[in-house]
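S.K.: Turn this into a structure:
(2 chains)
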2 protein chains.
Amino acid sequence: MVDPQLGFEGDTTDGFINRLREALGKGSVLTGTDIGSRYYHDLAGKLVAQPRAVVRPRTTEEVSALLRLCHREQVPVTTQGGMTGVVRGALPNANEIVLSMELMNAVEEVDTSSGAAIAQAGAPLQKVQERVEQEGYMFPLDLSARGSCTIGGNISTNAGGNRVIRYGMTRDLILGLEVVTADGTVLQGLRKYIKNNTGIDLKQLFIGSEGILGVVTRAALRIFPASAERQVALCALPSFAQVIAILGLARKHLGGELTAFEVMWNEYYRLTVERVEGVVGPLRAHHPYYVLIEASGDDTDRIHADLEKLLETAMHKNIILDATLSTSNASAAAIWRVRDSSLELARTFPYAARIALDVSLAIDRMEEYVKAIGARIKAIDPGAFAIVFGHAGDGNLHVNLHHEHTPDRRQDLEKLAYQTTSEFGGSISAEHGIGVVKRPYLKMSRTQEEIETMRTLKRALDPNSILNPGRIFTM
Amino acid sequence: MVDPQLGFEGDTTDGFINRLREALGKGSVLTGTDIGSRYYHDLAGKLVAQPRAVVRPRTTEEVSALLRLCHREQVPVTTQGGMTGVVRGALPNANEIVLSMELMNAVEEVDTSSGAAIAQAGAPLQKVQERVEQEGYMFPLDLSARGSCTIGGNISTNAGGNRVIRYGMTRDLILGLEVVTADGTVLQGLRKYIKNNTGIDLKQLFIGSEGILGVVTRAALRIFPASAERQVALCALPSFAQVIAILGLARKHLGGELTAFEVMWNEYYRLTVERVEGVVGPLRAHHPYYVLIEASGDDTDRIHADLEKLLETAMHKNIILDATLSTSNASAAAIWRVRDSSLELARTFPYAARIALDVSLAIDRMEEYVKAIGARIKAIDPGAFAIVFGHAGDGNLHVNLHHEHTPDRRQDLEKLAYQTTSEFGGSISAEHGIGVVKRPYLKMSRTQEEIETMRTLKRALDPNSILNPGRIFTM
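M.R.: Residues are numbered from 1 along each chain as shown, chains lettered A, B, ... in the order given. Model prediction:
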C-alpha cells in the first residue's frame, strides 16, 4: 500500500497517481492544491482531511479504468454526487480517491413513448426534472436539495422526498441502471421496461446501498405525463388524531390525485416563519399541527373543487382549525416554501449541537413517540428541544434535536433517541441512509444475520473492499 | 451423494431421508407412493420423474432445519407454491427434495393502521385478497391464477398481473420478507415500513429470483383502503394506433382512477368467446382490437361519469368502433371473464404444440412485432398462428404461438420468436420468469457480465447450489 500522505506532497512521488493519470488522462485527476474544498467538507462547511486525489471521469469507460486500477492495487474510493447527504457517507478519508461524477451530468434522452429518460449519474435532479418537463412529462422524485443533489446520489441512497405517497421512492422510479462494479466490470442494464423478469434483478442491489457494491454511471428513469394542474392546501389542526383523520379523508376524497401529504409540528412551522428569510406563513403560527396537502391532475376545476370539498368536509367535522388553498402557482410555491425550508431552518442553529433523526414508524405511534423523545432529552439537557416534520403519509418523520447548551452530550442524546426509536418499533433511517454517522446504530434496525448477509454480498462483489469502505458497516 | 433412485425403493435404505424424518418429524416427509402426482406434473398434467421426497414444513424453523441438512449433505431442493408457473421452474428433478409450502398458508395479520398484511408463503393469493377485504382494505396483486397461486410463488416470480398500471409489480407491494437462505439462516426482515434505508435492501434479492437464492417463508404485504367502486369498459377498436390513442386518453381522463388497461387482439377475443365455456362476449367478435379499461374509486357517480366521458370522447374522435360499460359488479365480472380466460383458451389447444411468449417491448413497436411474429412462424409452419393479449399499458404482451401440425418444430419456432423479440428490442420475459424453459434464451435479454454477476451472487448465498439448481442459469 502507498502511504496515504504522499498525495499531498507531490504527485510524481505517488506511483499510483501517475498510473491513474496514464490510464485516464492528466486532466481527469486532481491532487494537492488543485483539490477544491468542496470535495471534503461536511454540511457545516468544516473541512475533513484532504483526499489523496479527486478523479473526474467523463465516460463509463474511465470509471471502469479507474476502478480496475483501484481494485488491483487495493486503493479505496469514495464516490461523490451532489454532497447533500447527511450521514457523512460521501466524505472521503485521507487515504481515499474521490470519484466525482460531476462531469458525467448529461440528460441523454427523454423517450416519451417508453416513458423513460436516460441520465448520467452526475446530472442534478432539478436538471433532469426540467429537461423532462420540456417534453410535457414529469420525473416525480422531488426533494428540497433538488438543485444540488444528483441522480446517482438519489439512486445510491434510494431518496424519498415529497411525492412518495403517490410515486414511491427512487427505487420505484428506476427502470434500468448502468453500473461499474469494483473490479471495473460494466453491468449494462440500461433498459426501459417496466416489467422484466429475466433472472436476478441486479439493479436492486445498487439502489440504496450507498455505493458500497458498485458505482452507478447511468440510469433509465421512469417518467410520467405531467399533470396540468397542481394545487396545495395548508391546514392547521388541533391534535395529531386530526392529522390522521385528515390523511384518511384526503386519501378518500383525492384518491390518485393525492401527490403529497406533509406534516409539521408547531415548532417547525413557527420557527421556520420566524427564522428563515423570505418565508411567509400563510396561517397564524400558534396551532399545534400543520398539514400540507398537494393534489395533481389534468382537470383544473376538478382539482380545485376536490381540495375545496376536502377542506369543507374537514372543517365541518372539526378536523381543522384553519386552512388556506393555493389559487396560483405562486401561492402554491409559497406554501411549499415553508415545508422546503427544513435545511435552512436547521442551519440557523449550531451544526455541532444538532442531531438529525429520520425515522419510519407506524403513524398511530408518532404522537407518543415525539412526546417521549422531547421529554427524555430534557433529562440530559433541560434546554434541548425537538423540531419535527415529515412525510406522515409514508410513515416517515424527521426529528431534529437541538442541544445548544450541551454539545458535549451528543453521543448520549443520540443513543437515547435511537433507543427510543427502537422501543417504538421504528426504523433508524427512512430516507437518509446509514453512512458513517448511523453505523453504530444499524443493529437496532437490522438483525445480526442480515448484517452478516450484507457482508457476504460485499465480499462477493467487492472482495478488496475498495468502494466506500466503512460506510454502512465495517468488514 | 446418495443414489437419486433410492427414494423410490424404500425409505429405510435412504439415510438422508431418515435423517430428515428425525429432524422434521415423520409426518412432514413424504416418499414413494405417498407422493401425490400434484407435486410432479406439468401444466398439461403430464408427470415428470417422481422426486426423492416431498417435505411439507409447518414452521420457519422446519424450513431452516431442512435446508441446513440439505446444505450440509449437498442435496438439491425445489421449492413449490401453487404450481401455476409456466416455465417449469418448480418441476422437480428425480434427485431433488420438493419443499412444498402448502401447510404454511395462514394469513397471520391484517394491520390497517400500518397498511400491511402478514401472510405465510403458502397462502393462496385469493385467500389473502379475501382476508384483507374483510377489513375494508385491498391487496392489489391480481392475476387469473389467483385461486391456486401462492404469495410465496408470486414473490419468487415477481408476479405482475392486472393492476400493475396503478400498483406496480409484486416487488412494489412487498414491505418486508422472512427468508431462509441455503444454509438454514433465517433472515428476519418482516417489517412494515414503506421507507427503510438501513443498508442493503436484502429482500429485493429474493423477489423475482425464482427461489435460487433463498426460500421466502413469510411476507409483509402492502395493502390499501379498498375502493368502493370498480367499473369496467370494453371497447372495440379499428387499429393499434387507436389502442395507443385510448391509452393516452384513459391516463388523461382517469388519472389515478385507472387501475387496468388490457388489450386483446381479434383472435384472442373471438376464440375465447367461441371456445371457452361460460364466456359471453359483450361486443361482436369481428373487430381488430379490444381494450378493457378498469376505473376504481370511492365515488360511484364519478367513476361512472369519468368512464362514460372517456368513451364519449373516444367515440367522438373515432378512436373506438363500439363499447360497453359495466353497470353492476356482475357485468364488470362478465367483461373481466373474457380477459381472465387466457389459460382456459390455451388449454383448448394441444399443450405440446403451444409456445407461450411473455414479452416486454415499447408500445409503439407492438403492432409491427405481432405482425412480424405472425408472418415469420408461417414460414416454418403455414398453419401456425398467434393469439395475442396483454397489459399494453405496462409494455407487456402475451403471445401464444400454436403449431398443431408441426409439434416437432417447437425449437425452431421458439428460437425464431425470441430472435424476433430481441430484434424489436424486447425482453424475453416480462412476468413469467426464466425457469428451465427460457434458460437457453436468457442471454438475449441479459449481458454476459450480468449473468456472471448472477452466478457470483448464487455462489455467495448458496455455495453448494442446492436451491432450485439449474433454474435461470446453470453454474
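
S.K.: So A:Arg131 sits against A:Glu108, correct?
M.R.: No. Taking contacts as C-beta atoms under 8 Å, A:Arg131 lies outside contact range of A:Glu108: 9.7 Å. The way it works is simple: take the backbone N, C-alpha and C, and place the C-beta from them, glycine included.

S.K.: So for the two, which residue has more residues nearby?
M.R.: Using other C-beta atoms under 10 Å in any protein chain shown as the criterion, A:Arg131 and A:Glu108 rank with A:Arg131 on top: 20 against 13.

S.K.: Quickly find the element holding the more buried one.
M.R.: helix A:125-133 (DSSP states H and E).

S.K.: So what touches the very next helix or strand once past that helix?
M.R.: Of the helices and strands lying after helix A:125-133 in sequence (DSSP H and E), the nearest is strand A:137-138. For strand A:137-138, contacts defined as C-beta atoms under 8 Å, 6 or more residues apart in numbering or on different chains pick out A:Val110, A:Thr112, A:Gly115, A:Ala117, A:Gln129, A:Val132, A:Ile223, A:Phe224, A:Pro225, A:Ala226, A:Ser227.

S.K.: and what of stretch A:40-56?
M.R.: So stretch A:40-56 is contacted by A:4, A:6-8, A:14, A:17, A:20, A:24, A:28-31, A:34-35, A:37, A:39, A:66, A:75, A:78, A:86, A:88, A:91-100, A:102-103, A:351-352 (C-beta under 8 Å, 6+ apart).

S.K.: Just the buried ones from those residues, in ChimeraX syntax?
M.R.: Command for ChimeraX that selects the buried part of those, burial taken from 16 or more other C-beta atoms under 10 Å in any protein chain shown:
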select /A:4,6,7,8,14,17,20,24,28,29,30,31,35,39,66,75,78,86,91,92,93,95,96,97,98,99,100,102
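
S.K.: excluding its backbone neighbours, what's nearest the closest residue to chain B within the stretch 201-350 of chain A?
M.R.: Proximity to chain B, evaluated over the stretch 201-350 of chain A using C-beta to the nearest C-beta, is greatest for A:Gly256 at 0.9 Å. Of all residues beyond its chain neighbours, the one nearest A:Gly256 is B:Gly256 (0.9 Å), with distances taken as C-beta to C-beta, 6 or more residues apart in numbering or on different chains.

S.K.: That neighbour belongs to a strand?
M.R.: No. According to DSSP: H, G, I helix; E, B strand; the rest coil, the state of B:Gly256 is helix, so it is not within a strand.

S.K.: these two touch, right, it and A:Ser227?
M.R.: No. In this structure, B:Gly256 is not within contact of A:Ser227 by C-beta under 8 Å, at 10.2 Å.

S.K.: The helix or strand containing A:Lys371 vs chain B: in contact?
M.R.: Remark: A:Lys371 resides in helix A:366-380, with elements defined by DSSP H and E. No. Applying C-beta under 8 Å from any C-beta of the partner chain, one finds helix A:366-380 separated from chain B by no less than 11.0 Å.

S.K.: after that helix, next one along is what?
M.R.: Next along from helix A:366-380, by DSSP H and E: strand A:385-391.

S.K.: follow-up on the earlier one: could you list which of the contacts of strand A:137-138 also contact chain B?
M.R.: Okay, of these touching chain B (C-beta under 8 Å from any C-beta), that's A:Pro225, A:Ser227.

S.K.: Let's see the PyMOL selection covering just the buried ones among the contacts of strand A:137-138.
M.R.: Listed next is the PyMOL selection for buried residues among the contacts of strand A:137-138, using 16+ other C-beta under 10 Å:
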select buried, chain A and resi 110+115+117+129+132+223+224+225+226+227
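
S.K.: which of the contacts of strand A:137-138 lies closest to B:Ala386?
M.R.: Proximity of these to B:Ala386 (C-beta to C-beta) peaks at A:Gly115, which lies at 25.7 Å.

S.K.: and the closest residue to that closest one other than its chain neighbours, what does it touch?
M.R.: Using C-beta to C-beta, 6+ apart and skipping residues adjacent in sequence, the residue nearest A:Gly115 is A:Ile223, 5.5 Å away. Residues in contact with A:Ile223 (C-beta under 8 Å, 6+ apart) are A:Val110, A:Thr112, A:Gly115, A:Ala116, A:Ala117, A:Val132, A:Tyr137, A:Met138, A:Phe139.

S.K.: and these, which two are the farthest apart?
M.R.: A:Ala116 and A:Met138 (13.0 Å).

S.K.: neighbour-wise, which of the two wins?
M.R.: Neighbours were counted for A:Ala116 and for A:Met138 using other C-beta under 10 Å; A:Ala116 has more, 25 against 19.

S.K.: Please tell me I have it right and that one contacts A:Arg222.
M.R.: Yes. With contact defined as C-beta under 8 Å, A:Ala116 reaches A:Arg222; the gap is 6.5 Å.

S.K.: Could you tell me which residues touch both of the two?
M.R.: With C-beta under 8 Å, 6+ apart as the test, A:Ala116 and A:Arg222 both reach A:Leu175.

S.K.: Is A:Leu401 in a helix, a strand, or coil?
M.R.: Put simply, A:Leu401 is strand when judged by three-state DSSP.

S.K.: Leaving out sequence neighbours, find the closest residue to it.
M.R.: A:Ile355 (4.2 Å).

S.K.: pretty sure that neighbour is in contact with A:Leu416, am I right?
M.R.: No. Using C-beta under 8 Å as the test, A:Ile355 is too far from A:Leu416 to be in contact (9.8 Å).

S.K.: returning to what we had before: so what secondary structure elements neighbour the helix holding A:Lys371?
M.R.: helix A:240-254, strand A:385-391, strand A:396-402, helix A:410-423 (3 or more C-beta pairs under 8 Å, 6 or more residues apart in numbering or on different chains; DSSP states H and E).
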